[in-house]
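Participant: 3D model of this:
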Amino acid sequence: MVEAHESGQRCMDEKNYRAALVYFDLASAGSANPAWAHYQRARAYAMLSDRKNMLAELRLSAARGFHDTSALDAAEFQAFQQQPEFQTLVREWRQAGDRVRP
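Facilitator: Predicted coordinates for the structure are as follows:
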């Protein structure tokens, strides 16, 4: 799983987003906590301008416990910042983060 994640990150660095999706899929399948791999898949989909799958992966990531709203400020997501669906997702992540804070 670690090797799949590292290979996926290397593919992201090399701008080989389709290969990154495969590696992050492997990482999520083999992980007890796949939230981070789903977030990484969302980044790859964002770079491929695939809004539908990007949003789906971000929702999966949040459902599995990763909802750090600062992660949505990543450069990959800048083109989507003003879209209503993305703004709704940001609000959902904030609400989820508020629920887990003491």
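Participant: gap between the residue nearest the centre of the chain and Gly65?
Facilitator: In the chain, the residue lying closest to the centroid (C-alpha atoms, centre = their mean) is Tyr39, at 1.8 Å. From Tyr39 over to Gly65 the distance is 11 Å, taken as C-beta to C-beta, to the nearest Å. The C-beta positions use only the backbone N, C-alpha and C, and glycine is treated the same way.
Participant: Around the closest residue to Gly30 other than its chain neighbours, how many other residues sit close by?
Facilitator: Excluding the flanking residues, the one nearest Gly30 by C-beta to C-beta, 6 or more residues apart in numbering is Met1, at 4.0 Å. Other residues near Met1 come to 14 when the count uses other C-beta atoms under 10 Å.
Participant: Ok, the one 3 residues further on next?
Facilitator: Residue neighbour count, defined by other C-beta under 10 Å, stands at 19 for Ala4.
Participant: and it, what does it touch?
Facilitator: Residues near Ala4 by C-beta atoms under 8 Å, 6 or more residues apart in numbering: Tyr23, Phe24, Leu26, Ala27, Gly30.
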